[in-house]
Every structure is written in structure tokens, then in C-alpha cells.
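Undergrad: curious how this folds, go ahead:
(one chain, ligands or ions: 1)
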Amino acid sequence: MDTRSTGTSGTRGSAPAGDAAIAVDRLTKRYGEVTAVDGISLTIAPGSVTGLLGGNGAGKTTTIAMLMGLVLPTSGTVRVLGVDMLRARHRVLHRINFQSPYVDMPMRLTVRQNLTVFGRLYGLDRLRDRIAALAEDLDLSHLLDRPCGRLSAGQKTRVSLAKALINKPELLLLDEPTASLDPDTADWVRGHLEGYRKRRGATILLASHNMPEVERMCGRVLMMKAGRIVDDGAPDALVARYGRATLEDVFLDVARGTGLAAQ
Ligand SMILES: Nc1ncnc2c1ncn2[C@@H]1O[C@H](COP(=O)(O)OP(=O)(O)OP(=O)(O)O)[C@@H](O)[C@H]1O
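TA: Modelled structure (predicted):
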């Protein structure tokens, strides 16, 4: 489904392709027999927070990887911050960053060394100050000289967020940013990301299985199933349209093909 054509989804988050932070057209990725992403088209407005929801294997990570230029599409186009990612991604990579708790940092390097390496990759000035400020923000100051391999899962998640914010990205792609965090820390991280987005005017695309998180943070939700975007709208609009009590109920209907999703 081309999400630009849905009546309900001219919602907080879509944009004319020329102005969009992300504009994807008929994007497809096949791995041999498996079609991971199946001809999706969408636009995402600058400064918005959009959730990407879908069950395991729906195609979320593959979509994000193509937005980053890490995975080459089989067909279709991807424009990020106005730049064609297939032709000129080097022009825009310094304005983007990515976070996933499933991508490990070099384990023997300390937190400070890891952040220094990433900061240098981005060619940042005043890197010591930037790392100190991030460490202060993300409660990492006491961990800066500890090897990443000796951190707890939640501490690693905070380091990966520091890495994701090091270049003050205009576009932040997040793959389950609060996985492994206790509820208190997860809540704090969400608040931090919301504050960052407001201060920076950044655009956030967030893949998550945490429905309350998506309801809190996202003005718009894209529902993926089997490589396609099967629905698109504001969380409260989706809940109302499916006649359900929560976004989790909507997710279950979409995943199982029940309720409105069966029609
Ligand atoms: N490198 C690969 N080679 C072959 N198949 C792949 C590869 N990467 C992903 N796939 C397949 O593509 C489909 C989409 O995978 P993807 O990781 O994008 O899903 P996802 O929505 O992120 O899932 P999850 O919620 O489990 O992380 C799955 O069927 C997966 O097995």
C-alpha cells in the first residue's frame, strides 16, 4: 500500500516528498526467495517521531538498514534529507545516526575509547567536551573508563545512545532504544530522546515492540506485516478505527489478521 494515498494518514508525520526527511518509493529488498521488504512507499516529515511496528520478521530492520544505506535495495528509491542514498549517501551520513542494542561495540575498548572512535569517524571537533557532555546527560561519567564488555545490558544501551547522539544527528533511526532497560531508566531515556528532538528539531524513526513507548513518543505509526505497510496513522486514530482499547490490541489484530485487519 502506498501510504501517501490513505485518507487517515495525512497525519502528523507524512510530508510532500520534496520536503520530507525520508522519502521512500516502491522500496523492495529480496534475499533469494525471501521478500523482506515488499514495495513500500512513504514520506516522513522533518521533526516528527514515527513508530515502525510489526511482528518478528516483518521487515523493520531491513527497512532501517536501507534508509542508512547499509543494505542495497533490490529496487526502489530512498531519499534521506533530500539526498539519494543509492547515489550520494556520503553527502548525508554525517547528519544521520542509528542506535540498536543488538549492534555491539568493540568489547575491549572502554566507553570513552569507543565514543572517541565514533566521534573521529564523524570528524567532530572538541570531542573531549562532547563526550563529557553526553556522559553527563546519559549518566555514563562513572563508566567512561570501563571496557564496554564489562557493562550491564542497560548500561550498554545507554552507551549506544551516546554513540547515536554524538554527531547531533538531524535524523535518528532507533531500533528498540529501550530494550534491556529497567522501567525507570527506559522512561528517562524516552524523556531524553523527546528533549533532544525538540531542542534539535530532529526527526526520529523508531522501531519498537513496546506499545506504551510508541503511544507516548510517536505522532504516527506505520504498521508493517510481511514486508508491507498495512496501516498508517496516529496511535489514537488507529485505536479508534480498529475499535480497540489500546495500540497493543491493534498490533495483535494486524499480526493475527483478526478484527478490522481481517476485512
Ligand atoms: N541477511 C539476510 N538474509 C536472508 N534473509 C534475511 C536477511 N535479513 C533479514 N532476512 C529476512 O527478511 C525478513 C525481514 O527481516 P527483518 O530483520 O527486517 O525483520 P524485523 O521486522 O526487523 O524483525 P524483528 O522484529 O524480529 O527484529 C525475515 O524473514 C528475515 O528472516
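
Undergrad: contacting residues for Arg95?
TA: Contacts for Arg95 (Cβ atoms under 8 Å, 6 or more residues apart in numbering) come out as Leu81, Asn167, Pro169, Glu170, Leu171. Every residue, glycine included, has its C-beta placed from N, CA and C.

Undergrad: narrow these to those that are buried.
TA: Leu81, Asn167, Pro169, Glu170, Leu171 (16 or more other Cβ atoms under 10 Å).

Undergrad: mind putting these in TSV, distance to the ligand and pLDDT included?
TA: TSV is the format used below for those (distance: Cβ to the nearest ligand atom, whole Å; pLDDT from 0 to 100):
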residue	distance to the ligand	pLDDT
Leu81	22	96
Asn167	24	96
Pro169	21	97
Glu170	24	97
Leu171	19	97
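
Undergrad: list the helices and strands the helix or strand hosting Thr28 packs on?
TA: For Thr28, the host element (DSSP states H and E) is strand 22-31. Under the contact criterion of 3 or more Cβ pairs under 8 Å, 6 or more residues apart in numbering; DSSP states H and E, strand 22-31 touches strand 34-44, helix 60-68, strand 75-80.

Undergrad: quick one: work out the angle between that strand and strand 75-80.
TA: 140 degrees (axes from the mean of the first three to the mean of the last three Cα atoms, to 10 degrees).

Undergrad: buried set for strand 22-31?
TA: Neighbour-count burial for strand 22-31 [16+ other Cβ under 10 Å]: Ile22, Ala23, Val24, Asp25, Leu27, Thr28, Lys29.

Undergrad: okay, and the beta partners of the last one?
TA: As for beta bridges, Lys29 partners with Val37 under DSSP bridges.

Undergrad: contacts made by stretch 192-201 with the rest, please.
TA: By Cβ under 8 Å, 6+ apart, stretch 192-201 touches 46-47, 49, 137-138, 161, 165, 168-170, 172, 174, 177, 202-204, 217.

Undergrad: got the buried residues for it?
TA: His192, Leu193, Tyr196, Arg197.

Undergrad: the longest helix belonging to the chain - what's its average pLDDT?
TA: With secondary structure taken from DSSP state H, the chain has its longest helix at helix 183-200. Taken as a whole, helix 183-200 has a mean pLDDT of 91.

Undergrad: just the strands from the stretch 101-250 of the chain, written as ranges.
TA: 171-175, 203-207, 220-225, 228-233 (DSSP state E, counting those that start in this stretch).

Undergrad: just the angle between the third one and helix 60-68, please?
TA: Strand 220-225 and helix 60-68 meet at an angle of 120 degrees, taking the same axes, to 10 degrees as the criterion.

Undergrad: repeat for the last one
TA: Here strand 228-233 points in a direction 80 degrees away from that of helix 60-68 (the same axes, to 10 degrees).

Undergrad: so which elements touch strand 228-233?
TA: Using 3+ Cβ pairs under 8 Å, 6+ apart, strand 228-233 sits against strand 34-44, strand 220-225.

Undergrad: so of these, which one's packed in deepest?
TA: strand 220-225 (a mean of 24; mean count of other Cβ atoms under 10 Å).

Undergrad: got the angle between that one and strand 203-207?
TA: Put simply, strand 220-225 runs at 30 degrees to strand 203-207, going by the same axes, to 10 degrees.

Undergrad: who does strand 220-225 pair up with?
TA: strand 49-54 (parallel), strand 228-233 (antiparallel).
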